[in-house]
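Peer 1: Next come a sequence and a model predicted from it.
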Amino acid sequence: MNVLIVIAHPLQDSLCHGLARMAESVLAEAGHTVDRHDLYQSGLHPALSAEERRDYYRTPPYDRAAAAALTEAEILVLVFPTWWFGFPAVLKGWFDRIWMPGVAFDHAPGGETIRPRLMKLRHVVAITTLGAPRLVDWLVMRQPVKRVLKYGIIAPCAPKARLHYRALHSAETVTAERHAGFAASIRSVLVGLR
């Protein structure tokens, strides 16, 4: 299958980059075609300018190659840190700039609802690290990143895609043993994708 890996972390020696490299290796070994986009290395500016927002519905995507990679992807792997219980600005900017009308969705007549366009997308694997303990993310905040991904982004744009969400909590104090277990759980998900 066609795989798009999107990494959104500024440090090359981060847990996120290590997990992205592992995911790329596992998926390539399984015979998938893998395309990797490093949002920080690409120089993506996350904030839309006033002019870009004004022309949002009339202009081609900010990055046509990135838009094409998304529309052809059957598996999307997102690797990112969760900061303040949300996406890093560069990943939010990627959603704003690439998941746009004519690429990820179309507006229905009248503009009230959207119609999905990412019909090839079968799996979204979200791999995130966060400093918060699991109990805070689950019980206090109720997994905001997972809910936004599942219901606000994937469901309306790629309704056939299944979300596989993996979060490494308390990542700043992760032990080698817990890191290995987390990597093994990701590897298991990736190997099982069909």
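Peer 2: Perfect, thanks for sending it. Numbers count the residues shown, from 1 in each chain.

Peer 1: Next secondary structure after the lowest-mean-pLDDT helix or strand in the chain?
Peer 2: Lowest by mean pLDDT, DSSP states H and E among the helices and strands of the chain is helix 134-135, with a mean of 84. Sequence order places helix 144-147 as the next helix or strand after helix 134-135, per DSSP states H and E.

Peer 1: counting contacts, what elements does that next one pack onto?
Peer 2: strand 123-129, strand 162-168 (3 or more C-beta pairs under 8 Å, 6 or more residues apart in numbering; DSSP states H and E). Where C-beta positions appear, they are placed from N, C-alpha and C, glycine not excepted.

Peer 1: which one of those is the most hemmed in?
Peer 2: Counting by mean count of other C-beta atoms under 10 Å, strand 123-129 has the highest mean neighbour count of the helices and strands packed on helix 144-147, with a mean of 23.

Peer 1: So Ala28 sits against Met22, correct?
Peer 2: No. Counting by C-beta atoms under 8 Å, Ala28 does not reach Met22; the two are 10.9 Å apart.

Peer 1: Looking at these two, which is more packed in?
Peer 2: Met22 (16 against 13; other C-beta atoms under 10 Å).
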